[in-house]
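Peer 1: sequence plus the predicted model coming up.
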Amino acid sequence: MNVLWIMADQLRWDYLSCYGANHIDTPNIDALAAKGVRFDRAYVQSPICGPSRMSFYTGRYVRSHGATWNGFPLRVGEPTLGDHLREIGVTSHLVGKTHMRPDIDGMKRLGIEPESTIGALVSECGFEVFVRDDGTNAANDKNRHAEDYEQYLRDHGMGGDTPWEEWANTAIGADGEKKSGWLLETAPLAARVPKEHSETAWLTTRGIEFIESRGDAPWLCHLSYIKPHWPYLAPAPYNDMYSADDVPPVIRREGEHEHPLMQGWEKTRICQSFSRDEVRDTVAPVYMGLIKELDDNMGRLFAYLEESGRMEDTMVVFCSDHGDNMGDHWLGEKDLFYDCSARVPLIVYDPRSAADATRGTSTDALVEGIDLAPTFQDLMGGPAKPHIYEGRSLSPLLHGEEVTWRSYCVSEYDYSTRDARSAVNVDESDARMVMVFDGRWKYVHVETMRPMLFDLENDPDEVQDLGASPDHADQVKRLKSLHFEWARKHHNRITRTPDVIQRMSEAREPPGIYIAYLDEEEVEGAGLTMPPHLKEPLP
């Protein structure tokens with residue numbers, strides 16, 4: 001059995017037609033949902049790329065793995081999915097993006113050379129790299145991973161000092177001048193790169209090439225797409241496939257933010273920009289075009305899987321690492337815990353016959369991103385690791401089994417590097433938030449400030465913060481207790497399995513050690529024997 005784990009970057013769940021979107025048609029992703037299970041309430045462990053992905057790759061909460069923001073290294077020694085699968089003879093491979101930053105200082109301290117076999121795996125989050133490209137490959141970015149794609153562009157006649165910047169992230173304006181894709185006004189223009197050579201098309205081809213290179217040994221391939229993450233620039237015809245008339249109504253209301261942190265947040269440059277209707281009307285249609293391009297390439301990928309017979313022995317998972325606020329709630333980017341950002345699409349096709357009864361169904365079970373790693377471990381026949389994985393295998397849900405599931409899910413956010421922290425004068429050590437969602441009530445703990453609370457049953461758009469409402473004090477108290485319950489759990493006791501701990505609790509002290517016995521009679525009464533040298537007479 002194999003796993004093809006597809007992840008899109010910054011893809012909203014409600015911009016897929018299988019999730020009910022009527023402003024865009026995504027037939028190929030819909031077709032995968034028709035073959036598998038669509039999870040309707042899947043939440044990531046942080047609504048920002050790096051920490052979200054590190055939770056996906058470790059199966060652990062952000063507070064557990066410690067990589068709380070983009071560029072914060074995943075510490076050496078933190079076990080990953082790749083580490084666990086390698087123990088059972090399954091290799092894990094990367095095609096695309098991870099946002100992984102290696103712990104160089106930790107490797108230096110332990111004497112691990114980054115170029116060594118171990119160092120390479122530690123540096124790449126446990127993956128063996130087929131190709132890595134994190135996408136935001138600005139010419140002056142010292143962490144860019146564009147070499148493979150840029151060589152590909154050169155091989156197809158698209159040269160320059162930095163082909164990614166000059167072709168994938170550049171358009172030609174009406175005046176014949178080059179226009180940078182970093183500027184939002186450029187979004188409606190077509191990227192210079194043709195659609196057959198775009199990042200999305202190229203990664204799809206590379207994913208197919210990886211699968212073609214595999215034999216019969218089991219494998220996991222993380223095919224991780226860069227788009228529809230910014231820069232919002234698409235090749236023709238996807239750049240002008242949609243217009244502002246196709247974009248769904250913005251979700252926000254005047255005076256929506258009464259919380260002091262949110263009032264500070266909406267004053268930041270990104271939010272001020274995306275709160276302008278002309279910006280959203282310019283960018284959102286191209287965001288939709290990038291999604292349509294992704295769906296078209298999913299059609300090519302899935303056709304290959306069918307034709308090659310790989311659909312019969314490969315679990316296919318489609319998800320995103322977080323969403324995109326796109327002007328909703330007066331916000332840009334993907335910050336915070338609104339459903340447009342923290343809730344993600346998750347579709348799982350399981351080829352096993354046990355999943356036949358659930359094909360084409362959906363579930364409202366509260367699912368977390370950390371559930372995928374133990375699901376893959378379970379699929380591959382690996383041992384359960386509840387002392388390390390904080391997620392749960394989705395197999396019972398995929399197979400229609402009766403199972404007691406979690407009653408709430410958790411997401412975390414470290415805003416210490418965000419402009420809003422300065423606006424509210426919060427120390428970096430206190431710039432943290434935690435979401436607890438029980439399926440109806442969404443509670444957001446904000447350190448040093450009052451909490452936020454949303455009732456998604458009566459306010460599905462999340463535009464009314466009830467955190468300061470006396471009428472909802474009982475709900476705040478209840479959800480605060482759930483947060484405390486979660487925080488009290490063992491998050492880092494990972495070096496001993498539950499079985500080992502149980503054996504240790506049942507075991508006696510090591511031979512020759514007698515604790516709390518008054519005399520030899522008590523020792524012998526406990527079935528122990530005093531050491532023989534005490535029976536020997538003194539010389």
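Peer 2: Received it, and whenever you're ready, just let me know what you need. Numbering: from 1, shown residues only.
Peer 1: contacts and neighbour counts: CA atoms only from here.
Peer 2: OK.
Peer 1: can you pull out the helices in the stretch 251-400 of the chain?
Peer 2: 260-265, 269-274, 277-308, 339-342, 372-379, 395-398 (DSSP state H, counting those that start in this stretch).
Peer 1: quick one, which of those helices is nearest to residue 101?
Peer 2: Across the helices of the stretch 251-400 of the chain, residue 101 has its closest neighbour in helix 372-379 (19.6 Å, Cα to Cα).
Peer 1: can you tell me which of the helices of the stretch 251-400 of the chain is packed in deepest?
Peer 2: Mean neighbour count (mean count of other Cα atoms under 10 Å) peaks for helix 339-342 among those, with a mean of 26.
Peer 1: give me the contacts around it.
Peer 2: For helix 339-342, the external contacting residues (Cα atoms under 8 Å, 6 or more residues apart in numbering) are 12-14, 43-47, 322-325, 328, 334-336, 411.
Peer 1: stretch 298-309 now?
Peer 2: So stretch 298-309 is contacted by 28-29, 204, 208, 311 (Cα under 8 Å, 6+ apart).
Peer 1: buried subset of those?
Peer 2: The neighbour count (16 or more other Cα atoms under 10 Å) marks 28-29, 204, 208, 311 as buried among the contacts of stretch 298-309.
Peer 1: and residue 174, which of the helices of the stretch 251-400 of the chain is closest to it?
Peer 2: helix 277-308 (16.4 Å).
Peer 1: avg pLDDT for that closest one?
Peer 2: Averaging pLDDT along helix 277-308 gives 98.
Peer 1: can you give me the offset of that helix from its chain's centre?
Peer 2: 19 Å (Cα atoms, centre = their mean, to the nearest Å).
Peer 1: returning to what we had before: from the buried ones among the contacts of stretch 298-309, which land in helices?
Peer 2: Those of those mapping onto helices are 28-29, 204, 208, per DSSP state H.
Peer 1: let me have these in JSON lines, extended by pLDDT and distance to residue 140.
Peer 2: Output for those, formatted as JSON lines (pLDDT from 0 to 100; distance: Cα to Cα, whole Å):
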{"residue": "28", "pLDDT": "98", "distance to residue 140": "37"}
{"residue": "29", "pLDDT": "98", "distance to residue 140": "35"}
{"residue": "204", "pLDDT": "98", "distance to residue 140": "27"}
{"residue": "208", "pLDDT": "98", "distance to residue 140": "31"}
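Peer 1: between the residues you listed, which sits nearest residue 178?
Peer 2: For these, with residue 178 as the reference and Cα to Cα as the criterion, the closest is residue 204, at 27.5 Å.
Peer 1: residues touching the closest one, list them.
Peer 2: Here residue 204 is in contact with 297-298, 301 (Cα under 8 Å, 6+ apart).
Peer 1: do residue 319 as well
Peer 2: With Cα under 8 Å, 6+ apart, residue 319 has these contacts: 6-8, 344-347.
Peer 1: now, those that are in strands?
Peer 2: 6-8, 344-347 (DSSP state E).
Peer 1: how about those, which pair is most distant?
Peer 2: 6 and 344 (13.0 Å).
Peer 1: compare these two (neighbour count), which wins?
Peer 2: residue 344 (27 against 21; other Cα atoms under 10 Å).
Peer 1: what are the ranges of the strands in the stretch 51-200 of the chain?
Peer 2: 91-96, 128-132, 170-172, 178-180 (DSSP state E, counting those that start in this stretch).
Peer 1: please identify the buried residues of the last one?
Peer 2: This points to strand 178-180. 179-180.
Peer 1: what about residue 533, how many residues close to it?
Peer 2: For residue 533, using other Cα under 10 Å, the count is 8.
Peer 1: do the same with the one 5 residues further on
Peer 2: Burial measure for residue 538: 6 neighbouring residues, criterion other Cα under 10 Å.
Peer 1: tell me which element it falls in.
Peer 2: Using DSSP states H and E, residue 538 maps to neither a helix nor a strand.
Peer 1: got a list of what residue 268 touches?
Peer 2: 419-420.
Peer 1: typo on my end, it should be residue 451
Peer 2: 443-445, 467-468, 476.
Peer 1: distance to residue 490 for the contacts of stretch 298-309 - can I get that in JSON lines?
Peer 2: JSON lines is the format used below for the contacts of stretch 298-309 (distance: Cα to Cα, whole Å):
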{"residue": "28", "distance to residue 490": "41"}
{"residue": "29", "distance to residue 490": "38"}
{"residue": "204", "distance to residue 490": "40"}
{"residue": "208", "distance to residue 490": "41"}
{"residue": "311", "distance to residue 490": "39"}
